[in-house]
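*Asks:* Sequence plus predicted model, see below.
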Amino acid sequence: MLTLPAEPATTYLEQWPGATDSGTFAFLRDAILSDTPTHRNEFYPIEDRTICLRVQARRLDAGLLVTFTECHEQSSALAEETLRQSRTREQEARAEAERQRGELQRVFEQAPVAIAVYRGPTHIIEFANTSTYAIWGRPYKKGLGKPLLELLPEITGQGFDELLDQVRTTEEPTGATACPPKFSGTANLKPFIGTSSTYLCTTPMALHTGC
């Protein structure tokens, strides 16, 4: 029904950002935090029609068991209107999230320091500004969407990935850490770090995309 793989790679809010405004996310969150089963009605498009489903949720060990049963008492017109409103809210939420993301990237790009954003346990590069690429000695935007160590295999064992792992798992930022610049593109380092060390500050991002 949801047309998703058995183990989706995205979080709930990444897949349905409008769930916050519609109340669905709060409903599921409250259900997993409660010992009492709960339910609400939701509207879903099925083939050429829209149906009302009673969504029942209850905590099951460390997970959440969610079941769906059709509720016939709701009129088709009400279901269509509710679904239309839900789609509009979801589209608006996606557009606003994209606008904020673009604005944040513009700020990062114009910053006078090297900034990069990584995601997940393999530290996939989601963003890096031109100053970062100059330090790395790599063409601008090369390696976006790939793990950090795939782009920079020469930093393996230097402690960078361990430091990022620490911040991701503890969700605690680190202060300025002196690091030796052992990148393969060392010819481009002097304008940015001058001497034999650069300083790395890391912090978790309080976003659903992860750190």
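*Replies:* Here it is on my side, so go on.
*Asks:* for the biggest strand by length in the chain, packing partners?
*Replies:* Criterion DSSP state E: the longest strand present in the chain is strand 49-60. Here strand 49-60 is seen to pack against helix 24-33, strand 38-46, strand 63-70, helix 76-110 when contacts are counted using 3 or more Cβ pairs under 8 Å, 6 or more residues apart in numbering; DSSP states H and E. Heads up, the C-betas are built off the backbone N, CA and C, glycines and all.
*Asks:* so can I have CSV of the ones you listed showing distance to Lys141?
*Replies:* Below are the helices and strands packed on strand 49-60 laid out as CSV (distance: least, Cβ to Cβ, whole Å):
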stretch, distance to Lys141
helix 24-33, 33
strand 38-46, 37
strand 63-70, 39
helix 76-110, 11
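*Asks:* Quick check: chain neighbours aside, which residue is closest to Leu65?
*Replies:* Distances taken as Cβ to Cβ, 6 or more residues apart in numbering place Arg58 nearest to Leu65, at 5.6 Å, with adjacent residues excluded.
*Asks:* do Pro139 as well
*Replies:* Distance criterion Cβ to Cβ, 6+ apart; nearest residue to Pro139, sequence neighbours excluded, is Tyr133 at 7.1 Å.
*Asks:* my guess is that neighbour meets Tyr140, correct?
*Replies:* Yes: if you go by Cβ atoms under 8 Å, Tyr133 and Tyr140 touch, sitting 4.9 Å apart.
*Asks:* pLDDT weak spots in the protein?
*Replies:* Across the chain, residues meeting the criterion (pLDDT under 70) sit at 1-2, 44-49, 72-80, 175-202, 205-211.
*Asks:* Would you reformat the helices and strands packed on strand 49-60 as TSV and include mean neighbour count and distance to Leu13?
*Replies:* Output for the helices and strands packed on strand 49-60, formatted as TSV (neighbours: other Cβ atoms under 10 Å; distance: least, Cβ to Cβ, whole Å):
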stretch	mean neighbour count	distance to Leu13
helix 24-33	15	6
strand 38-46	15	16
strand 63-70	12	15
helix 76-110	13	9
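*Asks:* so which of the ones you listed comes closest to Gly18?
*Replies:* Closest approach to Gly18 among the helices and strands packed on strand 49-60 (Cβ to Cβ): helix 76-110, 2.9 Å.
*Asks:* After that closest one, which helix or strand is next?
*Replies:* strand 116-119 (DSSP states H and E).
*Asks:* Neighbouring strands - and their directions - for that next one?
*Replies:* strand 124-128 (antiparallel) (DSSP bridges).
*Asks:* Can you list the helices and strands that the helix or strand just after the partner strand packs against?
*Replies:* Once strand 124-128 ends, the next helix or strand along the chain (criterion: DSSP H and E) is helix 130-136. Under the contact definition 3+ Cβ pairs under 8 Å, 6+ apart, helix 130-136 sits against helix 190-193.
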